[in-house]
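Trainee: below are the sequence and a predicted model; questions follow.
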Amino acid sequence: MTTTTESIPALPQSDTFADPRRWRVLAIAAIAQYLAILDLFAVIVAFPALEQSFGHASTGAVSWTLNAYTIVMAALLVPAGRFADDTGRKRGFLLGIALFGLASVACGLAPNLAVLIVARVLQAAAAALLIPTGLGLVLPVFPKHEHATVMGIWTAIAAAGGASGPVIGGLLLQAGWRWIFLLNVPFAVVAFAFGLRVLPDIRQRANRRLDLLGAALILGATAAFTTVFVQATDWGYTAPGTLGCLVAAIASTALFARHVRHHPDPVVSPIVLRHRPFRTATLGVFCYYLAFAAMILEATLFMTEEWHYSTLRASLGVAAMPITCLLLSPLSGRFIALVGPRASAALGGATIALGCAWWVLASGFSNSYAVVMVPGAILAGASTALLQPPLFGASTLLPADQISLGSGTVMMARQTSSALGVAILTAILGDAAHRTMTEFRAGWLYMVVAGLAAMIAGLAYRPDRASA
């Protein structure tokens, strides 16, 4: 292996272009993709352990270990990708993986909750740089006829991160929650060392302006809305702090809406949002992920608190959801071809709603994992395989020069709604000391509503009418 210093085009010039390093490039980028997704799901199942470790802190305060990661990643995904395009994707990737490793060390050694949250912010910034640059390094070194295969591998790696996250998190919790973060370090070192030698230096200068103000407004609005839901039970719903955050959230949202109409190259382009099928798909993704991340968190809390499962046993129970998705995802393409993307997306929203409704009903008459959790988990896992491919694929309906921006916008919607979903669930469940079955059922009912909203968006999604 030799160090690569030459620049190559951002896209292959012909279908025959095939870099001999391409599979090594894919392997390195895949490690980063896997770590970024694994870290989210592993930390979700560690939530009860974090509550115990920081017993002086409220549930709302501890939830910022999750919310900080998703909010910051959502705000920085598009600006980070553009920064890497202009300065070099190899440089951006290496910076991202180095920062991710250092932030993981800081998380693992955090002496208190405040330091852990700050370290999670740094982790999120690194992940926001890794995800777009990783794929941006991989696709150009493969010929076009191999792109479908590469995207299949890339999607499978993401699913594997989600599927293995709860299990690996549960196993590492036996040694302490800090090892969930410290495990990242050797993999980050390996990815950096091999990336330095193998990765091509790809640049795609487009003379675009980084919309840092737009990213800051997204960050501010999402953080303020999240704070309202997370802290209202502690502060009081009419307390000055709660009302102040609500005003800040509304003001930031209004300023962002005005900003995107006047910025020459905003972080969320009004051009892609004027595309009706894409706009509908983005709304469907937003509604779906309001339920999904919260669902995994509630399932973990329910099994540890109501059934007194160990963290390892609960994490193995949660894993049924992403594993079902992993098993069904290879079949989703055939199913979509059979029933159409609209029906598949709508069925995905309905299926997650049905799974959560099952938990509401079954939790009242049985304490059996097989009776209560398994049917809902299978339905929830199947919902992802049904809904995600058609709605995430909506970016391909956009003009060629807008596809990358559209993909970033959908990912931003997913991360933002995941943070808001966890925040809303935190407000519903309250603190562990006062949590009962009533709160758990209310949380599942909230997810039923979010799932039905995703179903409605799926029914409204008509890719056959793809016109801006």
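Mentor: Ah, there it is.
Trainee: distance of the closest residue to residue 311 other than its chain neighbours relative to residue 71?
Mentor: Spatially, and ignoring its direct neighbours in sequence, residue 311 is nearest to residue 173 (4.5 Å; C-beta to C-beta, 6 or more residues apart in numbering). Placement of C-beta: from N, CA and C, glycine included. Look at residue 173 and residue 71: by C-beta to C-beta, to the nearest Å, they are 24 Å apart.
Trainee: if we can go back for a sec, go ahead and confirm the residue nearest to residue 311 touches residue 315.
Mentor: Yes. Using C-beta atoms under 8 Å, residue 173 makes contact with residue 315 at a distance of 7.2 Å.
Trainee: circling back to that earlier point, the more surrounded of residue 173 and residue 71?
Mentor: residue 71 (28 against 22; other C-beta atoms under 10 Å).
Trainee: next SSE downstream of the helix or strand containing the more buried one?
Mentor: For residue 71, the host element (DSSP states H and E) is helix 64-87. Once the chain leaves helix 64-87, the next helix or strand it forms, by DSSP H and E, is helix 89-108.
Trainee: may I see the buried residues of whichever helix or strand comes after that next one?
Mentor: Scanning forward in sequence from helix 89-108 by DSSP H and E, the next helix or strand is helix 113-138. For helix 113-138, a neighbour-count test (16 or more other C-beta atoms under 10 Å) marks 113, 116-117, 119-138 as buried.
Trainee: same deal with stretch 452-462?
Mentor: Under the neighbour-count criterion of 16+ other C-beta under 10 Å, stretch 452-462 has 452, 453, 454, 455, 456, 457, 458, 459, 460, 461 buried.
Trainee: pLDDT on it, on average?
Mentor: Across stretch 452-462, the average pLDDT comes to 97.
Trainee: ok now that stretch, how far from the chain's centre?
Mentor: Centre-to-centre, stretch 452-462 and its host chain are 20 Å apart (C-alpha atoms, centre = their mean, to the nearest Å).
Trainee: dump it to CSV, keeping only the CA atoms.
Mentor: This file holds the C-alpha atoms of stretch 452-462, laid out as CSV (Å, rounded to 0.1, in the frame of the first residue of the first chain):
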residue,chain,number,x,y,z
LEU,A,452,-50.0,6.9,11.9
ALA,A,453,-48.7,10.3,10.8
ALA,A,454,-45.9,8.5,8.9
MET,A,455,-48.5,6.2,7.3
ILE,A,456,-50.5,9.3,6.1
ALA,A,457,-47.3,10.8,4.6
GLY,A,458,-46.7,7.4,2.9
LEU,A,459,-50.2,7.5,1.4
ALA,A,460,-49.5,11.0,0.1
TYR,A,461,-46.1,10.0,-1.4
ARG,A,462,-46.5,9.8,-5.2
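Trainee: give me the contact list for it.
Mentor: With contacts defined as C-beta atoms under 8 Å, 6 or more residues apart in numbering, stretch 452-462 is touched by 276-277, 280-281, 283-284, 287-288, 290-291, 341-350, 352-353, 387, 390-391, 394.
Trainee: inside helices: which ones of the residues you listed?
Mentor: Within the contacts of stretch 452-462, residues falling in helices by DSSP state H are 276-277, 280-281, 283-284, 287-288, 290-291, 341-350, 352-353, 387, 390-391.
Trainee: how about the helices in the stretch 251-400 of the chain?
Mentor: Taking DSSP state H, counting those that start in this stretch, the helices of the stretch 251-400 of the chain run over residues 270-273, 276-305, 311-318, 320-339, 341-362, 369-392.
Trainee: quick check: which of those is buried the most?
Mentor: helix 276-305 (a mean of 25; mean count of other C-beta atoms under 10 Å).
Trainee: between that helix and helix 320-339, what angle do the directions make?
Mentor: For helix 276-305 against helix 320-339, the angle by axes from the mean of the first three to the mean of the last three C-alpha atoms, to 10 degrees is 150 degrees.
Trainee: dump the helices of the stretch 251-400 of the chain to TSV, plus distance to residue 255 and mean pLDDT.
Mentor: Compiled in TSV, these are given as follows (distance: least, C-beta to C-beta, whole Å; pLDDT from 0 to 100):
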stretch	distance to residue 255	mean pLDDT
helix 270-273	15	79
helix 276-305	20	93
helix 311-318	38	87
helix 320-339	37	85
helix 341-362	31	96
helix 369-392	28	92
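Trainee: of all these, which one is nearest residue 250?
Mentor: Checking those against residue 250 by C-beta to C-beta gives helix 276-305 as the closest, at 17.8 Å.
Trainee: so where is this protein shaky, pLDDT-wise?
Mentor: The chain contains residues with pLDDT under 70 at 1-17, 148, 151-152, 155, 159, 163, 203-208, 400-401, 403-404, 465-468.
Trainee: now do the SS call for the spatially most central residue of it.
Mentor: Residue closest to the average C-alpha location in the chain (C-alpha atoms, centre = their mean): residue 415, at 4.6 Å. At residue 415 the chain is in helix, as set by DSSP: H, G, I helix; E, B strand; the rest coil.
Trainee: surely it touches residue 76?
Mentor: No. Between residue 415 and residue 76 there is no contact under C-beta under 8 Å: 9.6 Å.
Trainee: and residue 45, what is it in contact with?
Mentor: Counting by C-beta under 8 Å, 6+ apart, residue 45 touches 165, 166, 169, 170, 173, 296, 300, 311, 314, 315, 318.
Trainee: likewise for residue 47?
Mentor: Taking C-beta under 8 Å, 6+ apart, we find residue 47 in contact with 62, 63, 65, 66, 297, 300, 301.
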